[in-house]
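Asker: predicted model follows, preceded by the sequence.
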Amino acid sequence: MSVHYCSSAYKGRFQAAAKLRRQATQVLRAGEDVTEPGLIRQISATGGSQKLARQVDRLREAGVPESDYDFDPSSNRLRSCGRVWPMVMRDTLKVRLQYDVAYVAEQSKSDGLTWQIPLGEERSIAIRRSPVYIRPELSAAEGDAFGVLVTEATGNECRAEGAQPASALPDSLREYEWIEAGLPVTPDRLKSLRA
């Protein structure tokens, strides 16, 4: 008789992340991407409309697909996928980073903002999204470090000249980008590691 052992650490990290990634793809917008733990990453730059329009022109000239970025002239905001981010010249722009989680919820009527599966005339199941972390402004060094981090993760060769190493990125952001390797550190395990 064969036995399949699936530890709670594996279930908690990898199976939960796979479920979140599947849900996230249903509510993903242009210029967003999904991280390894299954969160929707939004990295955006705001500034003068002319500066942002020049950025969009650069992306178009480089042949970047329009699904990899989104420019909203009314709010002067350029959102881009992580793999495109190193191509954005950020020196005079304010950079914002946000991670959202997609989740399944029952909904009684449509709000037009979710992906829905109708259950009948009055009810449906919807995939909604909610922010879990917002960093209203990254410093220039953190913006560069984020570009290096994403470049390394995607294997993308485009990298800003003189960019900060990924280690300049705060540790608090790493948990939203990668699934931690190894066993989770429980209080009992922490005691044994200290001994």
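Answerer: Arrived safely, thanks for sending.
Asker: so where do the helices sit in this structure?
Answerer: 8-10, 16-27, 49-61, 140-154, 171-177, 187-194 (DSSP state H).
Asker: show me what counts as buried in the shortest one.
Answerer: To tie it back to what came earlier, the one meant is helix 8-10. Buried residues in helix 8-10, counted by 16 or more other CB atoms under 10 Å: none are found. Every C-beta, even on glycine, is put in place using the N, C-alpha and C of the backbone.
Asker: what's the average pLDDT for that helix?
Answerer: Mean pLDDT, helix 8-10: 73.
Asker: of all the helices of the chain, which lies closest to G82?
Answerer: For the helices of the chain, the distance to G82 is smallest for helix 140-154, at 3.8 Å, taking CB to CB.
Asker: return the list of helices and strands in contact with that closest one.
Answerer: strand 94-107, helix 171-177 (3 or more CB pairs under 8 Å, 6 or more residues apart in numbering; DSSP states H and E).
Asker: for it, list every residue counted as buried.
Answerer: 142-151, 154.
Asker: just those residues now: which is nearest P170?
Answerer: Nearest member of the buried residues of helix 140-154 to P170, counting by CB to CB, is E142, at 7.0 Å.
Asker: just to revisit the earlier point, put together JSON lines for the helices of the chain, with distance to W85 on each row.
Answerer: JSON lines is the format used below for the helices of the chain (distance: least, CB to CB, whole Å):
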{"stretch": "helix 8-10", "distance to W85": "31"}
{"stretch": "helix 16-27", "distance to W85": "18"}
{"stretch": "helix 49-61", "distance to W85": "11"}
{"stretch": "helix 140-154", "distance to W85": "5"}
{"stretch": "helix 171-177", "distance to W85": "12"}
{"stretch": "helix 187-194", "distance to W85": "35"}
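Asker: to R129, which of those helices lies closest?
Answerer: Nearest of the helices of the chain (CB to CB): helix 16-27, 5.0 Å.
Asker: helices or strands next to that closest one in the packing?
Answerer: strand 33-34, strand 94-107, strand 124-138.
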